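**Q** this one's sequence-less:
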């Protein structure tokens, strides 16, 4: 049975408790070992007011890791969904890796989509320590909603999480390798204008073009096209001869976006001879895009 009440919280109670705790934090007198006080704060997360939710999350962020255990307990057992969501939002402020198992469990088991969304955001805030658990969801028989939230979280990680992806690309599961490629592409794309691309990220994407699974190759082609990775043109050209039509279609689109004239001869051959009409059409469009004076010449590494 949950230690938290299923009754709605009195807003005045929330405001009064927040004022006391804020003063104590300011005066450095707050006792983060006071389990009763921490539980009362978690109980206030049943207050549906957005300003209260924000203030409570920020307060838990100031309290820090001492609040992790009670917040995870609230996330997993509080009978009110808005309070569970508040626990997730608060854990995003605390950013304690010890919260990852509880967050993963909530992502899989909680029935409220808003709670799942808050949990996914908290896992992004924690970063690299959350990657293995999220990839485990991708490789499991979890539902589409849970896999979608996990994929979203992976794609919104910061560059500090990249080493975890470099390890995971060796997974025997194609679904995991595909998720890794998609996430690495998204991470690199989000920072390509501010950083030089990590050579290991580039190599991961290039190697994924030769993966034994078509889904992985497809994601690699799409990521390369989105990033504008011009150094991959020659290997993307090889995918125009892929056994899978969907990969060939993606390769034609990617080459049109990359805009490298070295692809024109092969694209012309594909436009005239591929067995799939969609591939032939896309190859012709790619030729037009490359030949157009509006085709951008800038791109990635």
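**A** Sure, I can see it. Since we're looking at a predicted model, the values are computed, not measured.
**Q** okay, CA-based contacts and neighbour counts for the rest of this
**A** Noted.
**Q** where does this structure have low pLDDT?
**A** The chain contains residues with pLDDT under 70 at 1-2, 190-196, 293-301.
**Q** so what touches the helix or strand hosting residue 135?
**A** For residue 135, the element it lies in under DSSP states H and E is helix 131-138. By Cα atoms under 8 Å, 6 or more residues apart in numbering, the residues outside helix 131-138 that reach it are 100-101, 104, 146-147, 150-151, 153-154, 161, 164-165, 175-176, 179.
**Q** hmm, try it at 7 Å
**A** 104, 147, 150, 154, 164, 175, 176 (Cα atoms under 7 Å, 6 or more residues apart in numbering).
**Q** can you check stretch 224-241 too?
**A** Outside stretch 224-241, the residues that reach it (Cα under 7 Å, 6+ apart) are 189, 206, 221, 247-248, 251-252, 254-255, 257-258, 263, 299-301.
**Q** same question, stretch 8-17
**A** 44, 46, 47.
**Q** sorry, back to before: buried ones in the helix holding residue 135?
**A** Applying a neighbour-count criterion of 16 or more other Cα atoms under 10 Å, one finds 131, 132, 133, 134, 135, 137, 138 buried in helix 131-138.
**Q** need the residues you listed in a markdown table with distance to residue 59, can you?
**A** Formatted as a markdown table, the buried residues of helix 131-138 follow (distance: Cα to Cα, whole Å):
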| residue | distance to residue 59 |
| --- | --- |
| 131 | 26 |
| 132 | 29 |
| 133 | 27 |
| 134 | 27 |
| 135 | 31 |
| 137 | 31 |
| 138 | 33 |
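**Q** for these, which one is nearest residue 197?
**A** Nearest to residue 197 out of those is residue 131 (Cα to Cα; 20.4 Å).
**Q** which one of the contacts of helix 131-138 sits closest to residue 110?
**A** residue 104 (10.0 Å).
**Q** on that earlier part again, distance between the helix holding residue 135 and the chain's centre?
**A** Centre-to-centre, helix 131-138 and its host chain are 11 Å apart (Cα atoms, centre = their mean, to the nearest Å).
**Q** let's number from 54 now, not from 1
**A** That works, and once the first residue is 54, the last one we named lands at helix 184-191.
**Q** buried residues in the following helix or strand past it?
**A** Heading C-terminal from helix 184-191, the first helix or strand you meet, by DSSP H and E, is helix 197-208. Neighbour-count burial for helix 197-208 flags 199, 200, 202, 203, 204, 205, 206, 207, 208 (criterion: 16+ other Cα under 10 Å).
**Q** what's near enough to touch the third one?
**A** Residue 202 makes contact with residue 173, according to Cα under 7 Å, 6+ apart.
**Q** first residue to last residue on stretch 170-190, what's the distance there?
**A** Length of stretch 170-190, first residue to last, Cα to Cα, to the nearest Å: 15 Å.
**Q** how about stretch 173-186?
**A** So stretch 173-186: terminal residues 11 Å apart, Cα to Cα.
**Q** now it, how far from the chain's geometric center?
**A** For stretch 173-186, the distance to the chain centre is 8 Å (Cα atoms, centre = their mean).
**Q** with stretch 200-209 instead?
**A** On Cα atoms, centre = their mean, the centre of stretch 200-209 falls 4 Å from that of its chain.
**Q** again with stretch 128-141
**A** That offset, for stretch 128-141, works out to 22 Å (Cα atoms, centre = their mean).
**Q** give the buried residues for that stretch.
**A** 128-141.
**Q** among these, which are in helices?
**A** 128, 129, 130, 134, 135, 136, 137, 138, 139, 140, 141 (DSSP state H).
**Q** just curious, which of these is nearest to residue 105?
**A** Taking those together and measuring to residue 105 by Cα to Cα, the closest member is residue 139, at 9.8 Å.
**Q** residue contacts, that closest one?
**A** 98, 106.
**Q** show me where the stretch 204-353 of the chain has its helices.
**A** Along the stretch 204-353 of the chain, counting by DSSP state H, counting those that start in this stretch, helices occupy 215-221, 227-242, 252-261, 267-280, 286-291, 298-311, 317-326, 330-344.
**Q** what does the second one contact?
**A** Okay, so that is helix 227-242. 188, 191-192, 204, 207-212, 218, 221-222, 224, 250, 254, 258, 266, 268-269, 272-273, 276, 280.
**Q** which one of the contacts of stretch 61-70 has the most neighbours?
**A** residue 99 (29 neighbours; other Cα atoms under 10 Å).
**Q** enumerate every residue touching that residue.
**A** By Cα under 7 Å, 6+ apart, the contact list for residue 99 reads 61, 62, 133, 135, 136.
**Q** how about the last one, what does it touch?
**A** Applying Cα under 7 Å, 6+ apart, we find residue 136 in contact with 98, 99.
**Q** do the fourth one as well
**A** The contact partners of residue 135, taken as Cα under 7 Å, 6+ apart, are 99, 101.
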